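Asker: how does the following fold in three dimensions:
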Amino acid sequence: MHSSPASSLVSESRAVICWAFLRLANRQIKLMEAAPHRAALEVMDHLTIHETPDKKLDRLVIVFGGWADAAESATSAIKFLQRKLNAKKFAEIDPEEFYDFSQTRPYTSRTRDGNRRIHWPTNEFSYLTNPGSETGIMVFSGVEPNLKWRTFSKTVAKVARDHGVDSVIHIGALLDAVPHTRPVRLSGTASEPKLNEFLESQGIRPSNYQGPTGISSAVMEACLNEGMEYTSIWGHTAHYLQAAPNHRIGSTLLQILVKLLNIPLDLAELFSAADVFNEEVAKAVAKDEQISSYVTKLEGQYDEAVAAIEIPDPAELVRDLERFLRGAQRRPPTEPSA
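Answerer: From the prediction side, this is the model:
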C-alpha cells in the first residue's frame, strides 16, 4: 500500500520537527553544562592573578582610599606597613566595570621623557611575609567603586577565601568634630566576642552607627558570608585639618593593627613623622585666632564626653553586682583558711 503525497509530507515534516527539537534540546543541555564554567569565567574576567603566594595567607588587611580615608590617614599607614615588610603584589581587580570615570576620574602625569601617563583607580592584592611564621598576611588596597558593589565585594572575599584567610581587618579614617590636641579617638566593631574584647582593651569605642554606608560594609558582609571573622577600626580626624597625610591618625591606627596581627614592626619613623605633623599643625593653629578659639571649644566638649564615659552608670553597677552575686551563689563553699 502506497502512502499519499500528503501523508508523506506530514511524515517528513514530523521527522524535521523531531530532528530540530532534538538538536535544540541537545544544544540546551550543552549550554547548561557549560553555564557554571562560563559563570566562573565571568566572575574572574575582572580579576588578574599575577602569581600564587607560596604560603597560606591567614589574615587580610583592607584599606580604601577616598571617602573612608580622611586625610589619607589609613592608606598612608598601610603604605608604611607594605614598605617596611616588603609587600609583593600578586593580583589586581580591573577598574573598567566598577567605576564611572566621570565621577572617579583617572589622572595624568608626565614621565621623565615628557610623555603623558594615565593613572586609573587601582585595587591591588599584595602579601607580606610574617617573620617566624608559616603563614603570611594579605593586604588589599583599593578605591571605593561607583558600580557593582556586590560583585566587587564578592571578588575580594573570593580571593581571600582561596588563599586561606580566616580573619579580616579593615582600617579607615573619618572626619569628626574632635580636637587635634587630645588623644586620637578610635571606634570600631568586630564579629567575634574575643575581638570586641580586644577593641575594648585598647580604648576603642563600639560603633553604633546606622545610615548611609561605604564599600567596607559591603566587603564585610561578603567576607562574613564566606565564614571569616571581621574587625573594622576607624580613626577620627579633626575635620578642620586639611593637611594630608595625617600621620598622627595613621600611626595610632597602625599601632592597633600591629597588635592585632602580632607582628614585629618598628614604628619609630612613623612616630617621628607624627611629631613633625603635630608641630606644624600647632604653629598653623596658633596663627589663626578663630581656629584657636574653635579648638578650645572642641577641647571642652571632648573632655566632657570623656568624663561622662568614665562615670559609671548606676544601672550597670547594679547589673554587675547581680552577676557577681549569682556567680558567688553557684560556687561551692570553701573551708576558711587557718
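
Asker: following the host helix or strand of Gln82, which helix or strand comes up?
Answerer: Assigned by DSSP states H and E, Gln82 falls within helix 73-84. Using DSSP H and E, the helix or strand that follows helix 73-84 in sequence is strand 88-93.

Asker: report the buried residues of that next one.
Answerer: Residues of strand 88-93 classed as buried: Lys88, Phe90, Ala91, Glu92, Ile93 (neighbour count, 16 or more other C-beta atoms under 10 Å). Using the backbone N, CA and C atoms, a C-beta is placed for each residue, glycine as well.

Asker: same thing with stretch 107-123?
Answerer: For stretch 107-123, the neighbour count (16+ other C-beta under 10 Å) marks Pro121, Asn123 as buried.

Asker: now do the end-to-end distance for that stretch.
Answerer: End-to-end span of stretch 107-123 (C-alpha to C-alpha, to the nearest Å): 16 Å.

Asker: how far out from the middle of the chain is it?
Answerer: Relative to its chain's centre, stretch 107-123 lies at 27 Å (C-alpha atoms, centre = their mean, to the nearest Å).

Asker: with stretch 194-207 instead?
Answerer: Per C-alpha atoms, centre = their mean, the centroid offset for stretch 194-207 relative to its chain is 17 Å.

Asker: if you count neighbours, what's buried in that stretch?
Answerer: For stretch 194-207, a neighbour-count test (16+ other C-beta under 10 Å) marks Leu195, Asn196, Phe198, Leu199, Ile204 as buried.

Asker: next: stretch 80-99.
Answerer: Result for stretch 80-99 [16+ other C-beta under 10 Å]: buried residues 80-82, 84-85, 87-88, 90-93, 95, 98-99.

Asker: endpoint to endpoint, that stretch covers what distance?
Answerer: End-to-end distance of stretch 80-99: 27 Å, with C-alpha to C-alpha as the criterion.

Asker: now it: mean pLDDT?
Answerer: Across stretch 80-99, pLDDT averages out at 95.

Asker: start the count at 24, not 1, going forward
Answerer: All set: I'll call the first residue 24, so the last point we hit is now stretch 103-122.

Asker: Thr254 against Leu222, yeah?
Answerer: Yes - at 7.4 Å, Thr254 counts as touching Leu222 under the criterion of C-beta atoms under 8 Å.

Asker: overlap in contacts, those two.
Answerer: Gly211, Thr212, Ala213 (C-beta atoms under 8 Å, 6 or more residues apart in numbering).

Asker: and the last one, what does it touch?
Answerer: Contacts of Ala213 were listed using C-beta under 8 Å, 6+ apart, and they are Asn219, Phe221, Leu222, Glu252, Tyr253, Thr254, Ser255.
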